[in-house]
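Peer 1: Kindly generate the corresponding structure for this input.
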Amino acid sequence: MQHDLLNTILKGSGYALRLFSHEEKEALRGRIFFKTVRGKDFPFVTCVIRNRDVALKPVEVIRQLYAVRLMEHYGYAKSRIAFEYPVAFGREKKQADIVIRDANDPAAPYCIIELKTPHPKDGKNRLKSYCAATGAPIGVWTDGGRISHYHRKDPAWFGPVTDIPKAGQTLADIVNERFTLRDLFLKDAIAGERKTLKGIILEMEDEVLANAGVDVFEEVFKLIFTKLYDEFCSEKDRETIARFLDRSPDAFPGGKERGDFETMQKRLEALDDTNFRALEFRAKGQTDSGLKKDIQALFDAAKQEWKGVFADGDAFALSDSHLAVCVASLQDVKLFSANLLVIDEAFEYLVNKSAKGEKGQYFTPRHVIDMCVKMLDPKRGESMIDTASGSCGFPVHTVFALAGDLFAVSPDVSPDVSPDVSPDVSPDVSPDVSPDVSPSVSKNEQDAGRIFGIDFDEKTVRIARTMNLIAGHGETNVLFLNTLDYGRWPDKTEKDPRWIRTYGTAFERLAKLRKTPGSDKEFSFDLLMANPPFAGDIKESRLLHSYELGFKAGGKKAQTVVSRDILFIERNIDFLKPGGRMAIVLPQGRCNNTTDAYIRDYIADKARILAVVGLHANTFRPHTGIKTSVLFLQKWDAKLCPRRDDYPIFFAVSENSGKNASGDYVYVKNGAGQYALDKNGCPVVDHDLHNHGGLLPDGIAEAFIAWAKREKLSFWPGEKPSSRTGEDPSSQAKG
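Peer 2: Down below sits the predicted model:
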């Protein structure tokens, strides 16, 4: 009972205990006693600072734990710590939860800790006002599950720092402290402080970006790109960390699976990083102008390493002081191999909403992508393309799956091949249609070399190329082309020098997958996954005449207008080789509208309809509430998918989208009300599309796999279903 008492006290309060060690929590539990008040027993403790009994309410739990940490970990004397310190705002007085007094002037606050507001933005604003009113140079906000440290450099600058100084240290000691990739793993603001990259960018906007007079997308993109390069330069250290954790039985229970994130962090503290490279994307006590010079030099080096995302002459437009705030805000965020959902959410926010809205193109939620990848089960040696790639979610997650773990943050951290993935090229893969890949590169790099993306929005293509880097592989087979207007591809691929410099190598790889040499109409891909834009009709006669679906039923009379997604259906089927399989997101009406019967007839003539998964209306909010379905196909082939007139189809409907009506992600929470983390320190979206590696109940993907094995589909041969997928989900899916 005593063991669960702290969680019981915090339940529903918004506070959590994740920041505190088992020993810290046990010490507090040992101090708890009960008092009877008005006939009821309530938990109390004797306050470590005030030396009197106090009721153990949620805020008091966090205050007692943090006060002990200030004394035992940071070394502050009890005499320097005050609770409920009065702060004057004119005639009004408020109370700061914890104050550390200045060592030389006990009447002056040195650091203020705010606990009363278990919401980051409100807590920061309150903390900022306390520091401004008292002159305290350092502030901390925490709810016990997340923590943020701030430095009030001057009245206009209230920026983040990695930690607060220990007694005897100065803030300069913290700022100038050597910081390596190991430190970044341990102090990652996204995993450790439960922040989101979008939330950090919003903070940056509040502080400086909103009034900086710059293109916010471009400036933040430059910052992310530069920081990514800084982490890339510590690649050898990242490999050392991966090997160290692989050898750690307590971080990898059973020798295969990563343990919980907190266990991994604790184990990593034992790693000696003396020989690690010091990260450079940091405010290290330089002047603002000196910091800008250092960050610009790092950006210039990144542009040389990863050409084609920025022009050689691009530079930061932010002022020296504004750039300093932004660097301090991002320096403790681990981007390389980060949770791609978090990165997606940030980029989606940054991309001009009206520009994307006009094209009806939105980033596909990662859990929808994972469902598709899991159901189509990519094999080693297979080729894959996304013809409307957006931020490149389908290609990147295909690489993850091929590396052996769909839910890994980086392919190179997981075993090269998992027991559930074929160790070599599938026997059904034709080597003569795969791009040539040097045998000297790793299997993961070979897989990435066979995976492509195409998009007609160059800003989105730049994001996609960067997402490939964040995913942990350097292949950039993402092409800036109009998928539908393949007749005009030569204008780019043969006549545009700038395009050829940036995308030419990737296009050469794509050209090797043409069905007919010299023709861009048909290709020979094993897999295709895409979420094509819905909005925007095609009216150009030249383009419509290139497609069978550009004609009315019967094929004799050309249509004057056709919805973009309809042409994508035909175009995508043309990208597949016989036996190739496809997942495509479509407006739900395509599957049941009477007027769209001719489209369904076309599909049935070209491929077997494997499955139709209806997505919840919230799935693509806040951008659109349109109902969508994912259509799964396999192109007819004498061996892999023999033509049949009558066959079963898997149907399923998602009832839990992973988002609320406002379009915000809904995450699984633990018993303390905080976001539960997966093995990579990433929050788990609460949905029913798949089981997220066993962290969620079996979902639609697992039901499909069991059905596909019973049906003996070529890519899911008739194996005995596992215990997790062997049940017949008749209430969820009908075949």
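
Peer 1: Correct me if wrong: residue 618 contacts residue 661.
Peer 2: Yes. Using C-beta atoms under 8 Å, residue 618 is in contact with residue 661, at 6.0 Å. (C-beta placed from N, C-alpha, C; glycine too.)

Peer 1: which of these two has more neighbours?
Peer 2: residue 618 (20 against 11; other C-beta atoms under 10 Å).

Peer 1: can you pull the contacts of residue 80?
Peer 2: 100-101, 103, 106, 110, 167 (C-beta atoms under 8 Å, 6 or more residues apart in numbering).

Peer 1: change it to 10 Å
Peer 2: Under the criterion of C-beta atoms under 10 Å, 6 or more residues apart in numbering, the contact list for residue 80 reads 70-71, 99-103, 106, 110-111, 167.

Peer 1: out of those, which one sits closest to residue 483?
Peer 2: The nearest member of the contacts of residue 80 to residue 483, counting by C-beta to C-beta, is residue 111 at 55.8 Å.

Peer 1: What strands flank the helix or strand hosting the closest one, and is each parallel or antiparallel?
Peer 2: In the assignment (DSSP states H and E), residue 111 maps to strand 109-114. According to DSSP bridges, strand 109-114 forms sheet pairs with strand 92-101 (antiparallel), strand 138-142 (parallel).

Peer 1: Now do the same contact list for the residue lying closest to residue 108 once chain neighbours are set aside.
Peer 2: Once flanking residues are discounted, residue 108 sits nearest to residue 102: 4.3 Å by C-beta to C-beta, 6 or more residues apart in numbering. Going by C-beta under 10 Å, 6+ apart, residue 102 touches 80, 108-111, 135-137.

Peer 1: Mind giving me the ChimeraX select for the residues you listed, buried ones only?
Peer 2: To isolate the buried members of those in ChimeraX, using 16 or more other C-beta atoms under 10 Å:
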select :80,109,110,111,136,137
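
Peer 1: Output the strands paired with strand 109-114 as a markdown table; include the columns mean pLDDT.
Peer 2: Formatted as a markdown table, the strands paired with strand 109-114 follow (pLDDT from 0 to 100):
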| stretch | mean pLDDT |
| --- | --- |
| strand 92-101 | 94 |
| strand 138-142 | 94 |
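
Peer 1: Out of the ones you listed, which is the most enclosed?
Peer 2: Most buried of the strands paired with strand 109-114 by mean neighbour count (mean count of other C-beta atoms under 10 Å) is strand 138-142; its value is a mean of 25.

Peer 1: Send over that strand as CSV, restricted to the C-alpha atoms.
Peer 2: Extracted C-alpha coordinates of strand 138-142, given in CSV (Å, rounded to 0.1, in the frame of the first residue of the first chain):
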residue,chain,number,x,y,z
ILE,A,138,18.2,31.0,-12.9
GLY,A,139,14.8,29.3,-13.0
VAL,A,140,13.5,25.7,-13.0
TRP,A,141,10.1,24.4,-13.9
THR,A,142,9.1,20.8,-13.2
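
Peer 1: Any idea how many residues pack against the nearest residue to residue 494 once chain neighbours are set aside?
Peer 2: Of all residues not flanking residue 494 in the chain, residue 500 sits nearest, at 8.0 Å (C-beta to C-beta, 6+ apart). Burial measure for residue 500: 15 neighbouring residues, criterion other C-beta under 10 Å.

Peer 1: residues touching residue 500, list them.
Peer 2: 492-494, 507-508.

Peer 1: now those residues as TSV including neighbour count and secondary structure?
Peer 2: Formatted as TSV, the contacts of residue 500 follow (neighbours: other C-beta atoms under 10 Å; DSSP: H, G, I helix; E, B strand; the rest coil):
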residue	neighbour count	secondary structure
492	18	helix
493	19	helix
494	11	coil
507	20	helix
508	13	helix
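
Peer 1: quick one: which of those is nearest to residue 612?
Peer 2: Of all the contacts of residue 500, residue 612 sits closest to residue 507, with 33.7 Å by C-beta to C-beta.

Peer 1: And the closest residue in space to that closest one that isn't next to it in sequence, how close does it get to residue 499?
Peer 2: Using C-beta to C-beta, 6+ apart and skipping the chain neighbours, the partner closest in space to residue 507 is residue 493 (5.4 Å). With distances taken as C-beta to C-beta, to the nearest Å, residue 493 is found 7 Å from residue 499.

Peer 1: residues shared between the contacts of those two?
Peer 2: Overlap of the contact sets of residue 493 and residue 499 (by C-beta under 10 Å, 6+ apart) consists of 479, 481, 507.
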